[in-house]
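Undergrad: This is a predicted model, with the sequence first.
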Amino acid sequence: MPLTVEIVTAERILRTEQGVDVLVAPGSEGQLAILPHHAALMTTLDSGELLFRRGQDESTFAVTGGFMEVLHDRVTILADKAEAAEEIDIARAEAARARAEERLRRYRDQADRDIDAARAAAALQRSLIRLRVATRRRRGPGAPGAAGRP
């Protein structure tokens, strides 16, 4: 029996999919692969790429933390934030990456000590995840480099 996957944020139910063969999620301790008949599980999620496959079709999402519950071939993702690959505005993500890199550069050069380095680093990580997910979507799951970084 394939998985049913539901991705939920505070704002909306982002996606509900039935017939999922495998789900790969960014667990706080590393990547987790969930297959049908997986043991019951509840875990925290880290920021990263979430993907699931149904036959040859693959769906990818950028998530920034949250929780995942696996119970009776049903997986519920309660994400702090989540975005489907096709929703990601690449130009906006590139601009966010550039802003975060500039903030971190200014912090490292001691040009601006009022910058919150941890916030800038987190913003950089989020923008890189969004870019990786969006780029993977445009290349397709079988394209060279699709599984790696853009």
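TA: In hand now; what should we look at? Remember, predicted model here, so these are calculated numbers, not experimental data.
Undergrad: any idea how this protein splits into domains?
TA: 3-85, 88-139 (automatic domain parsing).
Undergrad: would TSV of the ones you listed with mean pLDDT and mean neighbour count be doable?
TA: For the C-beta atoms, the positions are set from N, CA and C on the backbone; glycine is no exception. Below are the domains of the chain laid out as TSV (pLDDT from 0 to 100; neighbours: other CB atoms under 10 Å):
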stretch	mean pLDDT	mean neighbour count
domain 3-85	95	17
domain 88-139	84	15
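Undergrad: so Gln18 bridges to which residues?
TA: When assigned by DSSP bridges, Gln18 has beta-bridge partners Thr4.
Undergrad: gap between it and Leu104?
TA: 42 Å (CB to CB, to the nearest Å).
Undergrad: Could you verify that Arg97 is part of a helix?
TA: Yes - with DSSP: H, G, I helix; E, B strand; the rest coil as the criterion, Arg97 is part of a helix.
Undergrad: Begin at 6, not 1, for the rest of this chat.
TA: Let's use 6 as the start, then, which means that last one is Arg102.
Undergrad: Leaving out sequence neighbours, find the closest residue to it.
TA: Ser132 (3.9 Å; CB to CB, 6 or more residues apart in numbering).
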